[in-house]
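Asker: Just to be clear, the model below is a prediction. Sequence and coordinates:
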Amino acid sequence: MYLLVFNLVFSNTFAQNDSVRADIRLQARNLFSEKDYVKALPLYRELLNSFPKEPEYQFCTAACIVNLNGNLDEAISLLKPLPVLEYAPIASYYLGRALHLNYSFEDAIKAYSKYILKSKGGEPNAAIVERMIEMARNGLEYTRSGFAINVQSTESIRIDELQLATAINGSGKLMKKPVEFCSKTDIRNSYRPWMFLPSYTEINEYIYTPGYEPSKKNNKQLFRIRNINHESWGMPELLDKVINTIYDEEYPFFDARTSTLYFSSNGHSSMGGYDIFSSVYDWNTKTWSSPENLGFPINSPYDEFVYVTDGFGSTVSFVSTRASQPGQATIYRLKLIKDTTGVRYNSAEEIKKASMLLFVEEKMPKALPAEPIVQAPSAVKHEKSNYNRVLADALQLQLRSDSAARITRDLRIIASEINEDSIKKQMVADILKNDKLAKSLQREADIKFAEARNLRAEIIPEPVDSAVIFLKEVNGIKVYQYKQQGANENETDNIQNEDIPGNDTTPANINRENPIPAIQVKTDEFSIQKQSPYSDINPIPQGISQDTGLIYRVQLGVFSKVRPNDAFGGIYPVAYEKVNGNAMLKYYAGIFYSLSSVSKALESIRSVGFPDAFIVAYYNGKMISTEKAKEIEFAGFKL
């Protein structure tokens, strides 16, 4: 009797469990066919736990893992058994894909080749898989050796947060391609890709964007759009076939400092997915150099994109989907290493380890025993380190402030030409946000610059018996004189009370035939007076001085006609020049010799009614980018 009851209960339980498994299998199959691998994977794992040798469950579990960028070693072990490969020809493709992503390129080529033999016209088609074989061969070549890199930081982001990747640059931002730049094919495909908008449009003659060719939708290509007279944009020009391929090209970034275009492509010699390539533009021949793959370990079988350099050519950042879940990515920031002798890899494990781009925090050296006399130089070295760190922070904040200010100005220009209220309202919100950010960053930068100057003064204090003494100030220029060796206190006082060396009043102890040259310390020229200093009798002058060395000015605006003499209130000095090639006039204010002083003047000018004013820089009479100006100004500051 008890046996009969047990058999009935057992039979009912088994039937219920079988029914539950059938429901799970049906649900898992539906999710898999809909490519919802996130929800399908736990269901197939449950089924695989009950039936570990079932080919369907092995294959589907492994396929989910590969599509979700999961444990590739597990996926490979599930796909290798013969029953699984015989269950579905596409299992060979997934095995090849798993091996490819796991840097086992030779085995991946074999698996891909088996799929082509078995597929009989299935999906993916033979042409796609042949391209995968070609990429695996590229990977085999690129990972024979690599190069050393110094990972400064890593940051996980969502793919829709790519604008964070350009924080290192400071001279522009990554943004969605404006509708005005989109072709009809772009709009039909709802394609609004990411593009880099440089802040310094006066320096950058072109901006670079991805898009579809008009009336074509086969693949994404790169275009450039010309900045016409800094007032409007030309029509998109398709880059030539040296850059564009029959595959996809996206994420262009043009480094104006080196005339190098960095972009991502799954064409050319990609080792899998998007690889980053570089091509140099020759302004004389108007041609691009053959694109070069940036190599391993920057590139991998995964997607790499948004390669951006900083303003000084010492640090770069890029984004990769390696070690990331779908919809996620990692920003890697690297310090460029001059030693490019290369690193040899002897196994797939060494390659995989190098591909991880691990961040290794530098360890501080152990402190030496306390010896006051010996420790003094170390203390100075520590102070220098603090100074360099603070100065680097200040420069980075200044770059970001300049970037936000230039973006604000460019958005104002674009907004003035847009009629659609919804777009204009959004742009106004962006303008206010960027303007607020620029001012906030400028305040932070000013604080850091002041801190750096104080630290530098502590490290290199003025000597008590300085060899340089102040003579007098003439027309705003401070004149200094080298003190004669052996001069006593009284002699020094006599020199300070005399006129400039070379006049009839030159003291007797100074050699008249070979006078010691005076050092002229240039001072800024800028003020805001109660009323305009210019009039019909004293008009705003045309032409700006072409002094040697580094000079900053504030550009007040660009106009088609000469402005009234009182147009800029009490701002002094003001001058204007004609823009080459057209009748436009640019008006400038002030003459400055340091970034901090011109930045303060800019705030004052904006506060009296010129919100679109911005900083420009000249070196030996030629306009340069403000990034280059900062590099020149602070070149001698690093200690």
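Answerer: Cool, got the structure.

Asker: Correct me if wrong: D393 contacts F449.
Answerer: No. Look at D393 against F449 with Cβ atoms under 8 Å: they stay out of range, at 9.6 Å. Using the backbone N, CA and C atoms, a C-beta is placed for each residue, glycine as well.

Asker: And those two? Which one has more around it.
Answerer: Remark: of D393 and F449, F449 carries more neighbours, 22 against 17, as counted by other Cβ atoms under 10 Å.

Asker: Distance check, the residue nearest to the more buried one when sequence neighbours are not counted against K173.
Answerer: Closest residue to F449 apart from its sequence neighbours, by Cβ to Cβ, 6 or more residues apart in numbering: A394 at 4.6 Å. Distance from A394 to K173, counting by Cβ to Cβ, to the nearest Å: 21 Å.

Asker: Counting neighbours around each, name which of the two comes out higher.
Answerer: It is A394, of A394 and K173, that has more neighbours when counted by other Cβ under 10 Å, with 25 against 20.

Asker: Please name the residues that touch the more buried one.
Answerer: With contact set as Cβ atoms under 8 Å, 6 or more residues apart in numbering, A394 has these partners: 445, 448-449, 451-452.

Asker: element containing it, please.
Answerer: Using DSSP states H and E, A394 maps to helix 372-415.

Asker: Can you give the domain ranges for the protein?
Answerer: Domains of the chain are assigned by automatic domain parsing as 22-142, 145-355, 378-459, 468-521, 527-633.

Asker: Can you measure across stretch 586-606, start residue to end residue?
Answerer: 17 Å (Cα to Cα, to the nearest Å).

Asker: in it, what's buried?
Answerer: Residues 586-593, 595-596, 598-602, 604-606 are the ones in stretch 586-606 that count as buried (16 or more other Cβ atoms under 10 Å).

Asker: Neighbours of the nearest residue to Y281 once chain neighbours are set aside, how many?
Answerer: Distances taken as Cβ to Cβ, 6+ apart put S259 closest to Y281, at 4.8 Å, once the chain neighbours are dropped. When neighbours are defined as other Cβ under 10 Å, S259 has 14 of them.

Asker: again, but for S440
Answerer: 14.

Asker: For the stretch 101-250 of the chain, which segments are assigned as helices?
Answerer: Along the stretch 101-250 of the chain, the stretches classed as helices by DSSP state H, counting those that start in this stretch are 105-119, 126-142, 184-188.

Asker: Could you do the stretch 501-639 of the chain as well?
Answerer: Counting by DSSP H, counting those that start in this stretch, the helices of the stretch 501-639 of the chain are 595-607, 626-633.

Asker: Reformat those helices as CSV; add mean pLDDT and distance to K522.
Answerer: Below are the helices of the stretch 501-639 of the chain laid out as CSV (pLDDT from 0 to 100; distance: least, Cβ to Cβ, whole Å):
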stretch, mean pLDDT, distance to K522
helix 595-607, 83, 11
helix 626-633, 73, 13
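
Asker: that older thread, comparing the domains of the chain, which gets the lowest mean pLDDT score?
Answerer: Among the domains of the chain, domain 468-521 carries the lowest mean pLDDT, a mean of 44.

Asker: Would you mind measuring from the residue lying closest to M271 once chain neighbours are set aside to Y103?
Answerer: Distances taken as Cβ to Cβ, 6+ apart put G139 closest to M271, at 3.7 Å, once the chain neighbours are dropped. Going from G139 to Y103 by Cβ to Cβ gives 7 Å.

Asker: How about L82?
Answerer: Here L82 is placed at a distance of 24 Å from Y103 (Cβ to Cβ).

Asker: the more surrounded of those two?
Answerer: In this view L82 and Y103 are compared by other Cβ under 10 Å, and Y103 has more residues nearby, 26 against 8.

Asker: Give the next helix or strand downstream of the helix holding A394.
Answerer: helix 421-459.

Asker: That following helix to helix 595-607, inter-axis angle?
Answerer: On the basis of axes from the mean of the first three to the mean of the last three Cα atoms, to 10 degrees, helix 421-459 is oriented at 150 degrees to helix 595-607.

Asker: Please report the distance of Y112 from S156.
Answerer: On the measure of Cβ to Cβ, Y112 and S156 end up 31 Å apart.

Asker: can you check S259 too?
Answerer: Relative to S156, and taking Cβ to Cβ, S259 is found at 33 Å.

Asker: what's the answer for W288, then?
Answerer: From W288 to S156 the distance is 34 Å (Cβ to Cβ).

Asker: Which one's more surrounded, these two?
Answerer: W288 (17 against 12).

Asker: where along the stretch 201-350 of the chain do the strands fall?
Answerer: 206-211, 221-228, 232-233, 237-238, 249-255, 260-265, 275-282, 287-288, 292-293, 304-309, 315-320, 328-335, 343-344 (DSSP state E, counting those that start in this stretch).
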